[in-house]
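[1] The following comprises the amino acid sequence and a computationally predicted model.
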Amino acid sequence: MSTYNYVVTAHKPTNVTHSCVGNFTGPQQLNLIIAKCTRIEIHLLTPEGLQPMLDVPVYGRIATLELFRPHGETQDLLFIATERYKICVLQWDADAHEVITRCMGDVSDRIGRPTDNGQIGIIDPDCRLIGLHLYDGLFKVIPFDNKGQLKEAFNIRLEELQVLDIKFLYGCPKPTIVVLYQDNKDARHVKTYEVSLKDKDFVEGPWSQNNLDNGADLLIPVPPPFCGVLIIGEETIVYCSASAFKAIPIRPSITRSYGRVDADGSRYLLGDLSGLLHLLVIAHEKEKVTGLKIELLGETSVPSTISYLDNAFVYVGSSYGDSQLVKLNLHPDAKGSYVEVLEKYVNLGPIVDFCVVDLERQGQGQVVTCSGAYKDGSLRIVRNGIGINEQASVELQGIKGMWSLRSATDDVYDTFLVVSFISETRILAMNLEDELEETEIEGFCSELQTLFCHDAVHNQLVQVTSSSVRLVSSISRELKNEWRAPADYSINVATANATQVLLATRGGHLVYLEIGDGILVEKKHAQLKYDISCLDINPIGENPNYSNLAAVGMWTDISVKIFSLPDLNLITEEHLGGEIIPRSVLLCAFEGIPYLLCALGDGHLLNFLLNLSTHELTDRKKVSLGTQPITLRTFSSKNTTHVFAASDRPTVIYSSNKKLLYSNVNLKEVSHMCPFNSAAFPDSLAIAKEGELTIGTIDDIQKLHIRSIPLGEHARRICHQEQSRTFAICSLKYNQSSTEESEMHFIRLLDDQTFDFISTYALDQFEYGCSILSCSFSDDNNAYYCVGTAYVMPEENEPTKGRILVFIVEDGKLQLVAEKETKGAVYSVNAFNGKLLAAINQKIQLYKWMLREDGTRELQSECGHHGHILALYVQTRGDFIVVGDLMKSISLLIYKHEEGAIEERARDYNANWMSAVEILDDDVYLGAENNFNLFTVRKNSEGATDEERGRLEVVGEYHLGEFVNRFQHGSLVMRLPDSDVGHIPTVIFGTVNGVIGVIASLPQDQYVFMEKLQTSLRKVIKGVGGLSHEQWRSFYNEKKTADSKSFLDGDLIESFLDLGRNRMEEVSKSMNVSVEELMKRVEELTRLH
Amino acid sequence: MGSWIVGNWPSFDPHNFSQLRPNDPSAPSKKTPITYHPTHERTLPPPDQVISSEAKNILLRQFYQRGDEKLRPKRAAPENLAPEQECKHPRASVASSSEPPK
């Protein structure tokens, strides 16, 4: 049963909700601080641009983010308020490089109606108080004392109930707010109040202004010398103060964000919903405001926040598109734009819908999201792991090893590819036509399997076979010298670098040779107790051609030993434990840190930190990469060295922020890999897999790869059709002409490889695409796209009319084959028993696919089920139907074939407003609701009474802190049936903030173990701002708060891997489980995403 | 037109962004910051800096304020007065002594 679930983020939130600029990390340092809903990013402004410093998870959804500087401070403090009414003041401790909490608190009221327009948090420019508008009719004040410390908060009654914005005015002797509000006749006004801290009350303020623009929504307080406030409307902008009133008309637009440019408040950047960036200027004579001017600068993403940074650079944070770093040029470009976009920061939000597909047919899921909104709408293809872009491939069975060689020591490119088989060696080379063809290196032995090859100094090549080591000129290709193994002592394993060869023969003999010009010199011999299974002398010291160390893996005692070179003295020995022999060892340095990697025969990998002065091996870590023996090889990509672990689960090992990371390679099985950097295929890898030799380039080394397909319109539903290899989307395009705004809705067909629009069906006026599905019907094998629509009429509260459209893809075109009118919005369509199940307003309706006499088809209503407020989300399994209702949580229906009827079987009686549902298994259903919670309910088939059986029991509750729009079964990673995590079922979710997450249903014992780890980690990893993890994850809505249950926070659990060794040991002690075991088990879970 | 206002941008440190080598804007920025997991004790504020809201609601606060200001001399009422009566006292005085809010 899928009762125990592990929730983890595969892609962090990217929706930028807030940003501010100030001196946070030091008095002379200018920082950009960004909020991405539940995370804060601290950036430093440098000559090279924005330098990311820290990504700070916050246990709350950030409602307010403000920098401020109390009197006497030399740098800014950061004030944060969360949607669950927690506040904190953070300070940067530059010495410790830590974020510390100056102050925290809870500002919730027991009674109060949360504001409809979101929370407002503002700080008096003279730092006398913080003001919060959290509940209708109340203004909360947190006063500062004269030392800049915060004091007890209190409420003041605010007469205005429909508040749109509140700001503090500058330059007032008493703290003064200006309130923009709407009255009960929908007219908008501003009013000012002085806050009397002594009386804890408002005093009528210096001025007010009635009857503003009906679209006035934003206040901008103007600093001295002008003071006063700018009121931004949809058709006018007004400057208002006690002494002046200036207004200008503007082109109709909705402005949601602004950024102040000058400290004296004379210029502001305004961003509107169409992504146009304007400069608003306060014209003045000395300190007297004489008027307003507005200038169009150019286009950006639709901004949610704008921060002027420095020297004409501006950060544009976006909720609907990629965020940007832009430069304001002095002169307009050819298109008249002053705005130059210099950098983009990916944002997947809002993910409105997505589907999981396997486009490359490799058994690996990719997520294709409907992302962004308005003009910034796009499709995003999100793929986990590292792809190999195949350049050439040839069928070759039985490859036992591969090495690339250059034809001269100082050549840039490789020429030869040595491919070794069980009883022969073949040499491939690029010919003049840039084709790979077989060639010969005369000095090499081609009748035997090659154990190792390498380029050597002095234009030489080294080949090691079971009988000898051959030194060959890379120019003449002739043998120059040979070292023969004594009779009866065949060579088992060997390794080499440019100047050294190390080999092991039967009987545990270790032989060390050095390479001279035309000569191989046996320098040292050692007899070990047992046979040797693997060797490495990859140089990690200062000399790139010479290693002082040799790593040796042993049979029998299952150990890895480190010997000094050239004298072969044993300096370190590490017993690996267990019975699995090491099959590949590698010395290598990541980000300047030396490691020893040791791969075992069962697909496990051990890594150690190697101290180059004491030669100690520390920080042993074990991870499971696959189930078959692993071969380790280094390769370079973009001037950084990585390690390729070839096995049944090929993996790239790389380092980021001094931590080793493992990323899947999107290939099924790789037996050998070697870098092959030829002129025709630069920066490529040669890969031996499943009877095939492939040359290909490798993706950038990172975990998630995101490809963006800008649409210029807003995609709202997506679905893939395997048979026609197409995607179909429901989208809407905003047409903004100078006179009127209109939207057009479309069904579009896209090629699933090129993502080009190949066919379009325009919906009627007012008709919205609500749902889309690819399915077949009984007695008809064609694949159809079924689209559910709604006619959204301005005068109706709920649509009363819709359509179901059935399309077939013919010659790359959408052909409408049937349509059925419905009595409401078709919120969901599902394939169900060879029929079509639609959710239409309050009703679930089943349609049969009928053949008419004339051979055409039609949808014919079979049966239905009433009893929902709005049936928005439907999932089916067999005869069961799970419905997510607008406000009545989840209900379970069953289709009875004999009676041809749909009946309700059970329901959850809680009043959850649903945003997505999914069926985890026969009995457990997953729901997401609009207070950012997840929950699971269970069917109670064994209940004693009808009443019990009719009740879905809530078994799991969790505060995700994200608004989930869609669940889909599937996995971002390739799932191997015999891997440890291969059997864990997963559901992927997509959210408004652009999060892609994974919910994995764990076996109970694993859940219990991880729950214990989570409890221990809560004590070690502290919440920033003193916020509690336990409280954050508790289920929370207007009616109740309950501890989370049956869900685990994978993000917290996986942060175990980021801890320092001491902290890991602290956790290990409290768990009574070794650090190594903990790491291994957590690392396994990270492979779920 | 307008170039007279588009320009003369403020500068905190003229070096900032001076050596920016812009990415290809079609290839989004990949620089990722380190994720912060504090393990120190100073995530908790000093004990006197844990802020809470005043428990009294606005009405009661006004009663007490007005009461403190105006009723102090008359506040010799016996301790064992029933709560209702205690409430009634200030309400009457509030109503008579303050104008209704506008």
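    Yep, it's here.

[2] Mind checking what secondary structure residue A:643 has?
    Recorded secondary structure, residue A:643: strand (DSSP: H, G, I helix; E, B strand; the rest coil).

[3] Closest residue of chain B to chain A?
    Scanning chain B for the residue nearest chain A gives residue B:51, at 2.8 Å (criterion: C-beta to the nearest C-beta). Quick note: C-beta positions are derived from backbone N, CA and C, even for glycine.

[4] Thought residue A:153 was touching that residue, still the case?
    Yes. The criterion here is C-beta atoms under 8 Å, and residue B:51 meets it with residue A:153 at 5.8 Å.

[5] List the residues that are in contact with both of the two.
    Both residue B:51 and residue A:153 are in contact with A:105, A:107, A:142, where contact means C-beta atoms under 8 Å, 6 or more residues apart in numbering or on different chains.

[6] picking that back up, please name the bridge partners of the closest residue to the residue of chain B closest to chain A other than its chain neighbours.
    Nearest residue to residue B:51, sequence neighbours excluded (C-beta to C-beta, 6 or more residues apart in numbering or on different chains): residue A:105, at 2.8 Å. Under the criterion DSSP bridges, residue A:105 forms beta bridges with residue A:87, residue B:51.

[7] Kindly provide the distance from residue A:105 to residue A:197.
    As for residue A:105, its distance to residue A:197 is 18 Å (criterion: C-beta to C-beta, to the nearest Å).

[8] got it, and residue A:493?
    Distance, residue A:493 to residue A:197, using C-beta to C-beta: 80 Å.

[9] Also residue A:566?
    Noted for residue A:566: a distance of 80 Å to residue A:197, by C-beta to C-beta.

[10] How about residue A:691?
    Here the criterion is C-beta to C-beta. By it, residue A:691 lies 80 Å from residue A:197.

[11] okay, the two: which has more neighbours?
    residue A:197 (16 against 11; other C-beta atoms under 10 Å in any protein chain shown).

[12] Mind checking what secondary structure residue 67 has?
    All of this refers to chain A. strand.

[13] The chain in question should be chain B.
    What three-state DSSP gives for residue B:67 is helix.

[14] Run a quick neighbour tally on it.
    Number of residues near residue B:67 (other C-beta under 10 Å) recorded here: 18.

[15] quick one: the helices in chain B?
    Along chain B, counting by DSSP state H, helices occupy B:58-66, B:83-97.

[16] quick one: contacts for the residue in the stretch 851-1000 of chain A that chain B sits nearest to?
    Residue nearest to chain B within the stretch 851-1000 of chain A: residue A:994 (12.7 Å; C-beta to the nearest C-beta). Listed by C-beta under 8 Å, 6+ apart, the contact set of residue A:994 reads A:11, A:13-15, A:347-351, A:371.

[17] pLDDT at residue 93, what is it?
    This is for chain A. Predicted confidence (pLDDT) for residue A:93: 95.

[18] Chain B was what I was after
    Per the predicted model, pLDDT is 42 at residue B:93.

[19] same check, this time on residue A:971
    88.

[20] Not counting residues beside it along the chain, what's closest to residue A:659?
    Nearest non-adjacent residue to residue A:659, counting by C-beta to C-beta, 6+ apart: residue A:1058, 6.7 Å away.
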